[in-house]
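1. Just a sequence and a predicted model for now, questions to come.
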Amino acid sequence: MNLKIEYRKAKDLKFYPGNPRKISREMLEKLKKSIKEFGIVDPLVINPENQVIGGNQRLLAIRELGIEEVPVVIVNLPKSKEKALNIALNSIQGEFDEKLIEKFIADIEPVDLELTGLDLDDVETAEEDIEFEEVEPRPYRKFHILLSFDIDAYAKQIDKINEFLSSLEGVEIEKSQN
Amino acid sequence: MKNPRTKIKKTDNSYFLGKVKLREKMIQNLDTVRVLDLYAGTGKIWKTIQKRNKDKKIIVTSVEKEKGKNPDAIEGDSLKIIPGLDLSVYDLIDLDVYGHPYYPLKAIVKNGSYKDNVIITMTDIQVGYGGIPLEILTKINFTKKQIKKIPTMFYKFELDAMLNYLYNLGVKKVILYRPVPNKKYMGCRLPKKGENHEHNL
């Protein structure tokens, strides 16, 4: 089967009649967040009547997000096989190995983790891992001076600048290139 | 049939448990706790705390902005609601805000009707570099011009800025949990208005 990605208007697509899959509001919001961030990177699977065989929840999210055009792949199958595909697309999948995924996601930024749709709010964790600090609030007693240099001028005088700044008492230096 | 939705058991869930444990730590000496949960979401945090602390009586008043998210909550924008609330009945005010708790905390201070040494619990999540309120950075002597010029530099001063603000409110101790650098959960006791340090409020 040669698959070709085409584009359809979201309003022309129809939810699959009697689609047995449902989605909670919470998961739908996660899905919307993911689509907002990554776009629709996985085309919806539709039949020639524009009914969505695979991607009904995404279609719901897409409509709520007001996205007008949607990438689709069209398959032409007998009704029975079409229904079987609807189920198969959702039910045949692997599962996460908890140890491997722990390593896998270790270097994902927390902000990005929230885009994965993983349920991160499970209470079954080792309580002893949570350590609190006791901090005494304190007044902030620093004064800030921003020095901006032309980059070439800075490069030429870098030693002189560093020497001068280091000679001053109580100075902290933060450098930034913007 | 197995539900294909994935649950991670050990990885990042300390975020949630951290929130729960911080609040438990703050209420450990109370038998009855009246809570004002201003960013309640589904109410999961306090439901979990009640489940884990059956000996305590926890009475929660919840506020949630998102329609339909929490049937037990008053629907509304906390920032708009706070000025008109009588805060004197609450032992704990919870600001589990996604973003920065500065503005709701400021609104609470301005309201001023809270109990002396009311417990405040806060979630402080920095997403990107634009999430720190300018006001708390200017209170620690950065100028708006500096912040605008190099926004990426101020990220690391956020905790100092918040501790400085809390100091000025007269807070003596903050219980802090930092699961990752950009997430901070804080609990403290806020003295009655009028006893605060006077500058920089």
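-> Structure received. Numbers count the residues shown, from 1 in each chain, chains lettered A, B, ... in the order given.
2. When you work out contacts or count neighbours from here on, use the C-alpha atoms and nothing else.
-> OK.
3. Show the average pLDDT along the helix ranked longest in chain A.
-> For chain A, the helix with the greatest residue count under DSSP state H is helix A:151-167. The average pLDDT for helix A:151-167 rounds to 88.
4. Tell me if that helix is near chain B.
-> No - Helix A:151-167 is not in contact with chain B by Cα under 8 Å from any Cα of the partner chain; minimum separation 15.0 Å.
5. Give the buried residues for stretch A:42-61.
-> A:43-47, A:50-61 (16 or more other Cα atoms under 10 Å in any protein chain shown).
6. so what's the closest residue to residue B:57 other than its chain neighbours up against?
-> Leaving out its chain neighbours, the residue that sits closest to residue B:57 by Cα to Cα, 6 or more residues apart in numbering or on different chains is residue B:32, at 4.6 Å. Counting by Cα atoms under 8 Å, 6 or more residues apart in numbering or on different chains, residue B:32 makes contact with B:56-59.
7. Let's check: the centremost residue of chain B is which one?
-> Residue closest to the average C-alpha location in chain B (Cα atoms, centre = their mean): residue B:122, at 1.8 Å.
8. Let me know the secondary structure of the spatially closest residue to residue B:179 that is not a sequence neighbour.
-> Of all residues not flanking residue B:179 in the chain, residue B:15 sits nearest, at 6.4 Å (Cα to Cα, 6+ apart). Under DSSP: H, G, I helix; E, B strand; the rest coil, residue B:15 falls in the helix class.
9. can you list the weak-confidence ranges in chain A?
-> Low-confidence segments of chain A, defined by pLDDT under 70: A:1, A:98-99, A:101-103, A:105-111, A:113-114, A:119-128, A:176-178.
10. just the helices in it please.
-> For chain A, the helices defined by DSSP H cover A:25-38, A:56-65, A:79-91, A:98-104, A:110-113, A:151-167.
11. re the thing from before, the residue nearest to residue B:179: neighbour count?
-> 21 (other Cα atoms under 10 Å in any protein chain shown).
12. mind checking the SS state of residue B:145?
-> Residue B:145 - assigned by three-state DSSP - is helix.
13. From chain A, how far out is the residue nearest to residue B:57?
-> 23 Å (Cα to the nearest Cα, to the nearest Å).
14. same check, this time on residue B:104
-> For residue B:104, the distance to chain A equals 19 Å [Cα to the nearest Cα].
15. Skipping adjacent residues, who's closest to that residue in space?
-> residue B:79 (5.8 Å).
16. can you tell me the average pLDDT over the one helix or strand that neighbour maps to?
-> Using DSSP states H and E, residue B:79 sits within helix B:78-81. Mean pLDDT, computed over helix B:78-81, is 94.
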